[in-house]
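**Q** Below are the sequence and a predicted model; questions follow.
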Amino acid sequence: MGILGGDGFTLPVVSSVEVVDVEIEFTKSAKQALKSSMGGDEETHVLIVSAQSGGCSGYMYDMQVTEDPGDEGFQRMDVDGVTVLVHNKDSAMLNGIRIDFKDTLMGGGFQIENPNADRSCGCGQSFG
């Protein structure tokens, strides 16, 4: 049957999202790595920190340098001259995180410690 018969048709579920004022701590090494990854584009580009569905623990961290979307659904913060955005829908999950940068011989990168996570996987890339 088609849409009129009802098979295979569902309405989207609307759920309320708790919005909190986000505070993120960046270590000194993370601030240095962030500034160098911007490549001088701090005036036009931003870092978006978000939580995406997926990963072995429920959510995965995502960090992207992109042109400023100018969307009011984001909270903005200044980190040593770099604008960092967190979407309101992710605010409760990401409030209070600590972002560090490790540079090791076995590979490095940004690492996130999240006091809100009930669980996290061994790779440190997902949480729940």
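**A** Thanks, I have it. Keep in mind that what you see is a predicted model, and the values were worked out from it rather than measured.

**Q** center of this structure, which residue is that?
**A** By C-alpha atoms, centre = their mean, the mean C-alpha position of the chain lies nearest to S50, the distance being 1.8 Å.

**Q** Report the contact partners of it.
**A** If you count contacts by C-beta atoms under 8 Å, 6 or more residues apart in numbering, S50 has them with 61-64, 86-87, 90, 94. Just so you know, the C-beta spots here come from the backbone N, C-alpha and C atoms, and that holds for glycine as well.

**Q** mind listing the strands for the protein?
**A** For the chain, the strands defined by DSSP state E occupy 25-26, 45-53, 59-67, 74-79, 82-87, 98-102, 109-113, 126-127.

**Q** And the third one, what's buried?
**A** Of the residues in strand 59-67, those buried under the neighbour-count criterion (16 or more other C-beta atoms under 10 Å) are 59-61.

**Q** Check pLDDT for these and point me to the minimum.
**A** By pLDDT, Y59 ranks lowest within the buried residues of strand 59-67, coming in at 80.

**Q** So what sits opposite that one in the bridge?
**A** In this entry, Y59 is beta-bridged to S53, F127, by DSSP bridges.
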